[in-house]
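Participant: model the structure of this input:
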Amino acid sequence: MDMHVKQMVNRAVHHPAGVGQDAATGAALPPSPVYPEYPVAHAPVKPVLSLAAFLKRGAPPVPSILDVGNAKLVTSGRIAIALALRQMKVGPGDCVLVPAFHCASMIEPVTWAGATPVFYRIKADTSVDLDDVAAKIDASVKVMMVTNYFGFPQDLSAIRAFCDNRGLLMLEDCAHCFLGEQQGRPVGSYGDYAIASSMKFFPIYEGGMLVSARHSLAGVALRSGGVGFEAKAALNALEDSFEYGRLGLVKALLWLPLASKDLLWRAIKARKPSATQSMVPGSSEGGFSFDPAWLDKRSSLFSRWMLKLVSRSRMGAVRRQNYLKLAAALVGLPGCRPLFATLPEGVFPWVFPLITDYPQPVFHTLKSQGVPIIRFGEYLWPGVDATVCFNSVELSRRVMSFSCHQELRDGELDWMIIKIKDALLSHRSPS
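Facilitator: Model prediction:
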(Lines give C-alpha, C1' and ligand atoms only; values in the text may rest on other atoms or scores of the structure.)
Protein backbone atom coordinates (compact mmCIF):
# COMPACT_ATOMS: atom_id res chain seq x y z
CA MET A 1 0.00 0.00 0.00
CA ASP A 2 1.32 3.48 -0.84
CA MET A 3 2.69 5.39 2.16
CA HIS A 4 0.24 8.30 1.83
CA VAL A 5 -2.63 5.82 1.88
CA LYS A 6 -1.25 4.11 4.98
CA GLN A 7 -1.04 7.46 6.72
CA MET A 8 -4.63 8.23 5.77
CA VAL A 9 -5.81 4.90 7.16
CA ASN A 10 -3.83 5.31 10.38
CA ARG A 11 -5.42 8.72 10.95
CA ALA A 12 -8.79 7.22 9.95
CA VAL A 13 -9.62 10.44 8.08
CA HIS A 14 -12.16 9.59 5.37
CA HIS A 15 -13.78 12.98 4.88
CA PRO A 16 -13.86 16.12 7.01
CA ALA A 17 -15.40 15.87 10.44
CA GLY A 18 -19.10 16.53 10.54
CA VAL A 19 -21.71 15.40 8.06
CA GLY A 20 -20.50 15.18 4.47
CA GLN A 21 -22.15 14.11 1.23
CA ASP A 22 -21.99 10.96 -0.86
CA ALA A 23 -20.18 11.92 -4.06
CA ALA A 24 -22.41 9.63 -6.13
CA THR A 25 -25.82 10.58 -4.72
CA GLY A 26 -25.46 13.76 -2.68
CA ALA A 27 -26.89 11.93 0.32
CA ALA A 28 -25.74 12.92 3.80
CA LEU A 29 -22.91 10.88 5.24
CA PRO A 30 -22.19 10.27 8.90
CA PRO A 31 -19.28 12.11 10.49
CA SER A 32 -15.90 10.47 10.03
CA PRO A 33 -13.39 10.04 12.82
CA VAL A 34 -10.42 12.39 12.94
CA TYR A 35 -7.67 10.93 15.07
CA PRO A 36 -4.05 11.81 15.69
CA GLU A 37 -1.58 10.20 13.34
CA TYR A 38 -1.19 6.81 14.98
CA PRO A 39 1.68 4.49 14.08
CA VAL A 40 1.22 1.59 11.71
CA ALA A 41 -0.03 -1.45 13.63
CA HIS A 42 2.83 -3.62 14.86
CA ALA A 43 0.88 -6.78 14.01
CA PRO A 44 -1.35 -7.20 10.94
CA VAL A 45 -4.90 -5.95 11.39
CA LYS A 46 -6.14 -8.37 8.74
CA PRO A 47 -4.66 -11.54 7.25
CA VAL A 48 -1.41 -11.24 5.30
CA LEU A 49 -0.04 -13.88 3.00
CA SER A 50 2.24 -16.57 4.37
CA LEU A 51 3.26 -20.05 3.33
CA ALA A 52 1.24 -21.41 6.25
CA ALA A 53 -1.93 -20.02 4.63
CA PHE A 54 -2.02 -23.02 2.31
CA LEU A 55 -1.59 -25.72 4.97
CA LYS A 56 -4.54 -27.95 5.87
CA ARG A 57 -3.23 -28.70 9.42
CA GLY A 58 -5.48 -31.75 9.68
CA ALA A 59 -8.42 -29.60 10.72
CA PRO A 60 -11.91 -30.70 9.65
CA PRO A 61 -13.56 -28.98 6.67
CA VAL A 62 -15.16 -25.64 7.49
CA PRO A 63 -18.45 -24.61 5.85
CA SER A 64 -18.53 -21.17 4.31
CA ILE A 65 -20.51 -18.89 2.07
CA LEU A 66 -18.53 -20.41 -0.82
CA ASP A 67 -20.67 -23.54 -0.35
CA VAL A 68 -23.96 -21.75 -0.99
CA GLY A 69 -24.06 -22.05 -4.77
CA ASN A 70 -24.45 -19.26 -7.30
CA ALA A 71 -21.71 -16.68 -6.69
CA LYS A 72 -20.22 -13.56 -8.24
CA LEU A 73 -16.81 -12.46 -7.00
CA VAL A 74 -16.56 -8.67 -6.84
CA THR A 75 -14.20 -6.15 -5.24
CA SER A 76 -15.98 -5.47 -1.93
CA GLY A 77 -18.98 -6.24 0.24
CA ARG A 78 -20.52 -2.82 -0.40
CA ILE A 79 -20.47 -3.44 -4.16
CA ALA A 80 -22.14 -6.80 -3.50
CA ILE A 81 -24.88 -5.04 -1.49
CA ALA A 82 -25.58 -2.67 -4.37
CA LEU A 83 -25.73 -5.56 -6.85
CA ALA A 84 -28.10 -7.47 -4.56
CA LEU A 85 -30.40 -4.45 -4.30
CA ARG A 86 -30.34 -4.11 -8.07
CA GLN A 87 -31.22 -7.79 -8.48
CA MET A 88 -34.13 -7.25 -6.08
CA LYS A 89 -35.26 -4.25 -8.18
CA VAL A 90 -34.97 -1.83 -5.26
CA GLY A 91 -35.33 1.79 -6.33
CA PRO A 92 -36.86 5.18 -5.58
CA GLY A 93 -39.91 4.94 -3.35
CA ASP A 94 -38.75 1.69 -1.76
CA CYS A 95 -37.57 1.29 1.82
CA VAL A 96 -34.90 -1.10 3.05
CA LEU A 97 -34.85 -2.23 6.68
CA VAL A 98 -31.28 -1.97 7.96
CA PRO A 99 -29.86 -2.50 11.45
CA ALA A 100 -29.26 0.60 13.56
CA PHE A 101 -25.79 -0.79 14.36
CA HIS A 102 -23.91 -0.45 11.10
CA CYS A 103 -21.12 1.22 9.18
CA ALA A 104 -21.63 3.68 6.34
CA SER A 105 -20.60 1.06 3.76
CA MET A 106 -23.83 -0.81 4.51
CA ILE A 107 -26.05 2.23 3.99
CA GLU A 108 -24.49 4.02 1.02
CA PRO A 109 -25.54 1.32 -1.49
CA VAL A 110 -29.14 1.74 -0.26
CA THR A 111 -29.13 5.49 -0.89
CA TRP A 112 -27.32 4.95 -4.22
CA ALA A 113 -30.24 2.74 -5.29
CA GLY A 114 -32.58 5.64 -4.52
CA ALA A 115 -34.18 3.79 -1.62
CA THR A 116 -34.70 4.98 1.95
CA PRO A 117 -32.95 3.17 4.83
CA VAL A 118 -35.26 2.43 7.75
CA PHE A 119 -33.27 1.60 10.87
CA TYR A 120 -34.44 -1.17 13.18
CA ARG A 121 -33.37 -1.98 16.71
CA ILE A 122 -31.03 -4.71 17.79
CA LYS A 123 -30.70 -6.21 21.25
CA ALA A 124 -27.65 -5.87 23.49
CA ASP A 125 -26.20 -9.13 22.11
CA THR A 126 -26.63 -7.82 18.50
CA SER A 127 -29.60 -10.11 17.78
CA VAL A 128 -32.46 -8.63 15.74
CA ASP A 129 -35.40 -7.10 17.61
CA LEU A 130 -38.13 -8.62 15.45
CA ASP A 131 -40.89 -6.79 17.34
CA ASP A 132 -39.36 -3.48 16.32
CA VAL A 133 -38.88 -4.69 12.75
CA ALA A 134 -42.55 -5.70 12.56
CA ALA A 135 -43.62 -2.26 13.77
CA LYS A 136 -41.65 -0.59 10.97
CA ILE A 137 -43.07 -2.59 8.05
CA ASP A 138 -45.44 -0.85 5.66
CA ALA A 139 -46.20 -1.08 1.96
CA SER A 140 -42.98 0.72 1.00
CA VAL A 141 -40.68 -1.77 2.74
CA LYS A 142 -39.28 -4.25 0.27
CA VAL A 143 -36.10 -5.72 1.77
CA MET A 144 -34.69 -6.55 5.20
CA MET A 145 -30.91 -6.55 5.61
CA VAL A 146 -29.74 -8.95 8.33
CA THR A 147 -26.17 -8.66 9.63
CA ASN A 148 -24.21 -11.51 11.18
CA TYR A 149 -22.04 -9.38 13.45
CA PHE A 150 -18.39 -10.21 14.14
CA GLY A 151 -18.79 -13.73 12.70
CA PHE A 152 -21.70 -14.78 14.97
CA PRO A 153 -24.78 -15.71 12.90
CA GLN A 154 -28.23 -14.41 13.76
CA ASP A 155 -31.13 -16.84 14.25
CA LEU A 156 -31.36 -17.05 10.47
CA SER A 157 -34.09 -19.66 10.19
CA ALA A 158 -36.43 -17.60 12.38
CA ILE A 159 -35.68 -14.41 10.44
CA ARG A 160 -36.19 -16.23 7.16
CA ALA A 161 -39.64 -17.35 8.33
CA PHE A 162 -40.39 -13.80 9.53
CA CYS A 163 -39.57 -12.37 6.09
CA ASP A 164 -41.55 -15.06 4.26
CA ASN A 165 -44.63 -14.43 6.40
CA ARG A 166 -44.53 -10.73 5.59
CA GLY A 167 -43.55 -10.86 1.95
CA LEU A 168 -40.11 -9.33 2.50
CA LEU A 169 -36.97 -10.12 0.56
CA MET A 170 -34.02 -10.96 2.83
CA LEU A 171 -30.49 -9.71 2.24
CA GLU A 172 -28.08 -11.65 4.44
CA ASP A 173 -25.03 -9.58 5.32
CA CYS A 174 -22.07 -11.93 5.87
CA ALA A 175 -19.38 -9.26 5.65
CA HIS A 176 -18.23 -10.38 9.13
CA CYS A 177 -19.19 -14.02 8.68
CA PHE A 178 -17.50 -15.70 5.73
CA LEU A 179 -17.22 -19.02 7.61
CA GLY A 180 -19.79 -20.94 9.60
CA GLU A 181 -23.17 -22.58 9.56
CA GLN A 182 -26.49 -22.60 11.35
CA GLN A 183 -28.74 -25.62 11.69
CA GLY A 184 -26.61 -27.54 9.22
CA ARG A 185 -26.68 -24.89 6.49
CA PRO A 186 -23.75 -22.61 5.61
CA VAL A 187 -24.02 -18.90 6.29
CA GLY A 188 -25.32 -17.06 3.26
CA SER A 189 -27.85 -19.74 2.34
CA TYR A 190 -30.81 -18.20 4.20
CA GLY A 191 -31.15 -14.91 2.37
CA ASP A 192 -32.68 -14.33 -1.02
CA TYR A 193 -29.24 -12.88 -1.62
CA ALA A 194 -26.18 -12.76 0.60
CA ILE A 195 -22.98 -10.75 0.52
CA ALA A 196 -19.52 -11.31 1.96
CA SER A 197 -16.26 -9.43 2.36
CA SER A 198 -13.57 -11.96 1.53
CA MET A 199 -10.74 -9.49 2.22
CA LYS A 200 -11.59 -9.64 5.93
CA PHE A 201 -10.78 -13.36 6.00
CA PHE A 202 -8.29 -14.04 3.19
CA PRO A 203 -4.81 -12.54 2.67
CA ILE A 204 -5.93 -10.36 -0.24
CA TYR A 205 -6.05 -6.66 -1.02
CA GLU A 206 -9.62 -6.55 -2.33
CA GLY A 207 -12.56 -8.91 -2.54
CA GLY A 208 -16.26 -9.35 -1.95
CA MET A 209 -18.98 -11.76 -2.98
CA LEU A 210 -22.63 -11.86 -3.99
CA VAL A 211 -24.32 -15.25 -3.63
CA SER A 212 -27.80 -16.69 -3.82
CA ALA A 213 -29.19 -20.11 -3.03
CA ARG A 214 -32.59 -19.04 -4.39
CA HIS A 215 -32.04 -16.95 -7.51
CA SER A 216 -29.92 -17.02 -10.65
CA LEU A 217 -27.09 -14.51 -10.88
CA ALA A 218 -26.76 -14.90 -14.64
CA GLY A 219 -27.82 -11.28 -15.13
CA VAL A 220 -24.83 -9.97 -13.14
CA ALA A 221 -22.19 -9.39 -15.82
CA LEU A 222 -18.65 -8.67 -14.64
CA ARG A 223 -15.42 -7.76 -16.39
CA SER A 224 -11.80 -7.19 -15.44
CA GLY A 225 -10.84 -3.99 -13.67
CA GLY A 226 -7.89 -3.66 -16.03
CA VAL A 227 -4.17 -4.36 -16.08
CA GLY A 228 -3.40 -1.74 -13.45
CA PHE A 229 -6.00 -3.10 -11.06
CA GLU A 230 -4.83 -6.69 -11.52
CA ALA A 231 -1.18 -5.76 -10.92
CA LYS A 232 -1.90 -3.53 -7.94
CA ALA A 233 -4.14 -6.09 -6.26
CA ALA A 234 -1.38 -8.71 -6.41
CA LEU A 235 1.56 -6.46 -5.52
CA ASN A 236 -0.22 -4.71 -2.65
CA ALA A 237 -1.22 -8.04 -1.11
CA LEU A 238 2.41 -9.14 -1.31
CA GLU A 239 3.71 -5.84 0.07
CA ASP A 240 1.37 -6.06 3.06
CA SER A 241 2.85 -9.49 3.74
CA PHE A 242 6.45 -8.24 3.40
CA GLU A 243 5.76 -5.36 5.78
CA TYR A 244 5.02 -7.82 8.58
CA GLY A 245 8.03 -10.05 7.93
CA ARG A 246 6.35 -12.79 5.93
CA LEU A 247 7.54 -14.36 2.63
CA GLY A 248 11.10 -13.05 2.89
CA LEU A 249 12.37 -15.18 0.02
CA VAL A 250 9.58 -13.99 -2.26
CA LYS A 251 10.42 -10.40 -1.34
CA ALA A 252 14.04 -10.96 -2.33
CA LEU A 253 13.02 -12.49 -5.65
CA LEU A 254 10.67 -9.61 -6.42
CA TRP A 255 12.99 -6.76 -5.48
CA LEU A 256 13.29 -5.48 -9.04
CA PRO A 257 9.57 -5.22 -9.93
CA LEU A 258 8.83 -3.80 -6.48
CA ALA A 259 11.56 -1.20 -6.89
CA SER A 260 10.10 -0.33 -10.29
CA LYS A 261 6.51 -0.25 -9.11
CA ASP A 262 6.01 3.51 -9.35
CA LEU A 263 7.32 3.48 -12.90
CA LEU A 264 4.93 0.64 -13.67
CA TRP A 265 1.92 2.54 -12.30
CA ARG A 266 2.81 5.64 -14.30
CA ALA A 267 3.16 3.59 -17.46
CA ILE A 268 -0.22 1.94 -16.91
CA LYS A 269 -1.96 5.25 -16.22
CA ALA A 270 -0.29 6.82 -19.27
CA ARG A 271 -2.09 4.31 -21.48
CA LYS A 272 -5.40 5.95 -20.52
CA PRO A 273 -4.52 9.54 -19.60
CA SER A 274 -8.16 10.68 -19.70
CA ALA A 275 -9.45 8.02 -17.34
CA THR A 276 -10.83 9.41 -14.10
CA GLN A 277 -11.57 6.12 -12.33
CA SER A 278 -9.15 5.07 -9.62
CA MET A 279 -7.00 2.04 -10.36
CA VAL A 280 -8.34 0.30 -7.25
CA PRO A 281 -11.64 0.56 -5.31
CA GLY A 282 -11.79 2.90 -2.35
CA SER A 283 -12.78 -0.02 -0.13
CA SER A 284 -9.20 -1.32 -0.48
CA GLU A 285 -7.62 2.05 0.22
CA GLY A 286 -9.21 2.58 3.62
CA GLY A 287 -12.17 4.71 2.58
CA PHE A 288 -15.85 4.16 3.29
CA SER A 289 -17.42 5.77 0.25
CA PHE A 290 -19.35 3.85 -2.39
CA ASP A 291 -18.13 4.08 -6.00
CA PRO A 292 -20.62 2.68 -8.56
CA ALA A 293 -17.83 2.54 -11.17
CA TRP A 294 -16.85 -0.82 -9.62
CA LEU A 295 -20.29 -2.42 -9.96
CA ASP A 296 -19.31 -4.30 -13.12
CA LYS A 297 -15.76 -5.25 -12.08
CA ARG A 298 -14.85 -8.73 -10.96
CA SER A 299 -12.40 -9.44 -8.19
CA SER A 300 -8.78 -9.71 -9.29
CA LEU A 301 -7.30 -12.95 -10.57
CA PHE A 302 -4.92 -12.97 -7.60
CA SER A 303 -7.80 -12.75 -5.11
CA ARG A 304 -9.79 -15.42 -6.92
CA TRP A 305 -6.81 -17.76 -6.77
CA MET A 306 -6.43 -17.15 -3.04
CA LEU A 307 -10.07 -18.11 -2.44
CA LYS A 308 -9.30 -21.47 -4.03
CA LEU A 309 -5.86 -22.08 -2.54
CA VAL A 310 -5.96 -20.74 1.03
CA SER A 311 -6.96 -23.37 3.58
CA ARG A 312 -10.37 -22.64 5.08
CA SER A 313 -9.85 -25.47 7.57
CA ARG A 314 -6.75 -23.79 8.99
CA MET A 315 -8.44 -20.40 8.84
CA GLY A 316 -11.36 -21.59 10.91
CA ALA A 317 -9.31 -23.56 13.43
CA VAL A 318 -6.78 -20.79 14.10
CA ARG A 319 -9.40 -18.05 14.35
CA ARG A 320 -11.26 -20.02 17.00
CA GLN A 321 -8.00 -20.80 18.82
CA ASN A 322 -6.93 -17.15 18.87
CA TYR A 323 -10.38 -15.95 19.92
CA LEU A 324 -10.44 -18.38 22.85
CA LYS A 325 -6.93 -17.36 23.88
CA LEU A 326 -7.98 -13.71 24.00
CA ALA A 327 -11.14 -14.59 25.92
CA ALA A 328 -9.21 -16.60 28.52
CA ALA A 329 -6.58 -13.89 28.95
CA LEU A 330 -9.04 -11.03 29.43
CA VAL A 331 -11.69 -12.74 31.54
CA GLY A 332 -12.32 -11.05 34.87
CA LEU A 333 -10.43 -7.86 34.08
CA PRO A 334 -12.15 -4.74 35.45
CA GLY A 335 -14.09 -2.45 33.16
CA CYS A 336 -14.63 -4.87 30.31
CA ARG A 337 -16.41 -8.01 29.15
CA PRO A 338 -16.62 -9.91 25.87
CA LEU A 339 -19.61 -9.02 23.72
CA PHE A 340 -20.33 -12.74 23.32
CA ALA A 341 -20.10 -14.87 26.45
CA THR A 342 -19.26 -18.07 24.57
CA LEU A 343 -17.93 -19.23 21.21
CA PRO A 344 -20.45 -21.81 19.95
CA GLU A 345 -19.48 -24.66 17.67
CA GLY A 346 -19.79 -23.71 14.02
CA VAL A 347 -18.88 -20.07 14.68
CA PHE A 348 -15.65 -18.71 13.20
CA PRO A 349 -15.13 -15.12 14.35
CA TRP A 350 -13.96 -12.17 12.32
CA VAL A 351 -12.53 -10.40 15.39
CA PHE A 352 -12.72 -10.50 19.18
CA PRO A 353 -15.24 -7.78 20.26
CA LEU A 354 -14.78 -6.46 23.79
CA ILE A 355 -17.15 -4.10 25.61
CA THR A 356 -15.21 -1.51 27.59
CA ASP A 357 -16.27 1.02 30.21
CA TYR A 358 -13.61 3.55 29.15
CA PRO A 359 -13.47 3.20 25.37
CA GLN A 360 -11.84 6.47 24.36
CA PRO A 361 -8.74 6.42 26.60
CA VAL A 362 -8.26 2.68 26.10
CA PHE A 363 -8.57 3.04 22.33
CA HIS A 364 -6.12 5.95 22.22
CA THR A 365 -3.58 4.09 24.35
CA LEU A 366 -3.73 0.94 22.26
CA LYS A 367 -3.67 2.71 18.89
CA SER A 368 -0.70 4.77 20.03
CA GLN A 369 1.13 1.54 20.84
CA GLY A 370 0.37 -0.02 17.44
CA VAL A 371 -2.08 -2.64 18.66
CA PRO A 372 -4.35 -3.86 15.80
CA ILE A 373 -7.80 -2.67 16.81
CA ILE A 374 -11.05 -2.05 14.92
CA ARG A 375 -14.11 -0.02 15.95
CA PHE A 376 -16.95 -1.23 13.76
CA GLY A 377 -19.93 1.13 13.67
CA GLU A 378 -18.14 3.86 15.59
CA TYR A 379 -20.00 6.50 13.58
CA LEU A 380 -23.65 5.82 12.83
CA TRP A 381 -25.75 7.31 10.05
CA PRO A 382 -27.11 10.81 10.75
CA GLY A 383 -30.27 10.63 12.83
CA VAL A 384 -29.49 7.23 14.38
CA ASP A 385 -29.32 7.99 18.08
CA ALA A 386 -30.46 6.46 21.37
CA THR A 387 -34.11 7.21 20.55
CA VAL A 388 -33.80 4.99 17.49
CA CYS A 389 -31.82 2.24 19.22
CA PHE A 390 -30.12 2.59 22.59
CA ASN A 391 -28.19 -0.69 22.19
CA SER A 392 -26.73 0.36 18.84
CA VAL A 393 -25.43 3.61 20.30
CA GLU A 394 -23.90 1.76 23.26
CA LEU A 395 -22.22 -0.82 21.02
CA SER A 396 -21.01 1.91 18.69
CA ARG A 397 -19.40 3.72 21.59
CA ARG A 398 -18.12 0.88 23.75
CA VAL A 399 -17.11 -2.08 21.55
CA MET A 400 -13.48 -2.43 20.54
CA SER A 401 -12.51 -5.37 18.36
CA PHE A 402 -9.14 -7.05 18.32
CA SER A 403 -7.65 -9.07 15.49
CA CYS A 404 -7.82 -12.85 15.92
CA HIS A 405 -7.18 -13.89 12.32
CA GLN A 406 -5.23 -16.93 11.22
CA GLU A 407 -2.04 -15.06 10.25
CA LEU A 408 -1.23 -13.71 13.70
CA ARG A 409 1.93 -15.29 15.06
CA ASP A 410 1.93 -16.57 18.63
CA GLY A 411 4.36 -13.86 19.68
CA GLU A 412 2.23 -11.15 18.11
CA LEU A 413 -0.89 -12.36 19.91
CA ASP A 414 0.95 -12.64 23.24
CA TRP A 415 2.25 -9.08 22.81
CA MET A 416 -1.28 -7.86 22.01
CA ILE A 417 -2.67 -9.48 25.15
CA ILE A 418 -0.05 -7.80 27.34
CA LYS A 419 -0.81 -4.39 25.84
CA ILE A 420 -4.59 -4.84 26.11
CA LYS A 421 -4.34 -5.91 29.76
CA ASP A 422 -2.08 -2.99 30.62
CA ALA A 423 -4.39 -0.49 28.95
CA LEU A 424 -7.50 -1.84 30.64
CA LEU A 425 -5.87 -1.89 34.07
CA SER A 426 -4.37 1.59 33.71
CA HIS A 427 -7.76 3.13 32.83
CA ARG A 428 -9.89 1.33 35.41
CA SER A 429 -11.80 3.47 37.87
CA PRO A 430 -10.26 3.80 41.33
CA SER A 431 -11.99 1.70 43.96
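
Participant: for the stretch 101-250 of the chain, give me the ranges with low pLDDT.
Facilitator: By pLDDT under 70, the stretch 101-250 of the chain has no low-scoring segment.

Participant: just checking, what's the longest helix in this protein?
Facilitator: Looking across the chain with DSSP state H, the single longest helix is helix 312-330.

Participant: give me the mean pLDDT for that one.
Facilitator: Averaged across helix 312-330, pLDDT comes to 96.

Participant: which helices and strands sit right next to that helix?
Facilitator: strand 336-338, strand 351-356, helix 410-426 (3 or more C-beta pairs under 8 Å, 6 or more residues apart in numbering; DSSP states H and E). C-betas here are computed from N, CA, C, even on glycine.

Participant: which residues touch that helix?
Facilitator: 52-53, 55-57, 59-62, 64, 66, 151, 179, 201-202, 336, 338, 343, 347-349, 352, 354, 402, 404-406, 408, 413, 416-417, 420-421, 424 (C-beta atoms under 8 Å, 6 or more residues apart in numbering).

Participant: who wins for proximity to residue 303 among the helices and strands packed on helix 312-330?
Facilitator: strand 351-356 (20.6 Å; C-beta to C-beta).

Participant: so what strands line up beside the closest one?
Facilitator: Paired with strand 351-356 in the same sheet, following DSSP bridges, are strand 336-338 (antiparallel), strand 399-403 (antiparallel).

Participant: how would you label the nearest residue to residue 279 once chain neighbours are set aside: helix, strand or coil?
Facilitator: Using C-beta to C-beta, 6 or more residues apart in numbering and skipping the chain neighbours, the partner closest in space to residue 279 is residue 228 (4.3 Å). Counting by DSSP: H, G, I helix; E, B strand; the rest coil, the backbone at residue 228 sits in helix.

Participant: residues near residue 228, how many?
Facilitator: Neighbour count for residue 228, taken as other C-beta atoms under 10 Å: 19.

Participant: and it, how far is that from residue 254?
Facilitator: 18 Å (C-beta to C-beta, to the nearest Å).

Participant: again with residue 108
Facilitator: 36 Å.

Participant: those two: which has the busier surroundings?
Facilitator: Neighbours per residue (other C-beta under 10 Å) separate residue 108 from residue 254, with residue 108 holding more: 26 against 16.

Participant: and the gap between the more buried one and residue 98?
Facilitator: Between residue 108 and residue 98 the computed distance is 11 Å (C-beta to C-beta).

Participant: so the closest residue to residue 346 other than its chain neighbours, which of the three states?
Facilitator: In this structure, residue 346 finds its nearest non-sequential neighbour in residue 181, 5.0 Å apart by C-beta to C-beta, 6+ apart. Under three-state DSSP, residue 181 falls in the strand class.

Participant: surely residue 181 and residue 190 touch.
Facilitator: No - at 10.5 Å, residue 181 does not count as touching residue 190 under the criterion of C-beta atoms under 8 Å.

Participant: between those two, which one's more packed in?
Facilitator: Ranked by neighbour count (other C-beta under 10 Å), residue 181 and residue 190 place residue 190 first, with 28 against 20.

Participant: what is the burial count for residue 137?
Facilitator: If we define neighbours as other C-beta under 10 Å, then residue 137 has 17 of them.

Participant: who's in contact with residue 97?
Facilitator: Per C-beta under 8 Å, 6+ apart, neighbours of residue 97: 118, 120, 133, 136, 137, 141, 143, 144, 145, 168.

Participant: in a strand, that's where it is, yeah?
Facilitator: Yes - checked against three-state DSSP, residue 97 lies within a strand.

Participant: need the pLDDT of it.
Facilitator: 98.

Participant: who's it bridged to?
Facilitator: Going by DSSP bridges, residue 97 is paired in beta bridges with residue 118, residue 144.

Participant: what separation do you get for it and residue 344?
Facilitator: Where residue 344 is concerned, residue 97 sits at a distance of 26 Å (C-beta to C-beta).

Participant: over to residue 215?
Facilitator: With distances taken as C-beta to C-beta, residue 215 is found 29 Å from residue 344.

Participant: higher neighbour count, those two?
Facilitator: residue 215 (16 against 10).

Participant: could you find the closest non-adjacent residue to the more buried one?
Facilitator: The nearest residue in space to residue 215 (C-beta to C-beta, 6+ apart) is residue 192, at 6.4 Å.

Participant: residue 190 against residue 159, yeah?
Facilitator: Yes - counting by C-beta under 8 Å, residue 190 touches residue 159, with 7.3 Å between them.

Participant: okay, and the common contacts of the two?
Facilitator: Common neighbours of residue 190 and residue 159 (criterion: C-beta under 8 Å, 6+ apart): residue 170.

Participant: can you give me the neighbour number for the closest residue to residue 64 other than its chain neighbours?
Facilitator: The shortest distance from residue 64 to any non-neighbouring residue, by C-beta to C-beta, 6+ apart, is to residue 179 (4.8 Å). A count of nearby residues for residue 179, using other C-beta under 10 Å, gives 26.
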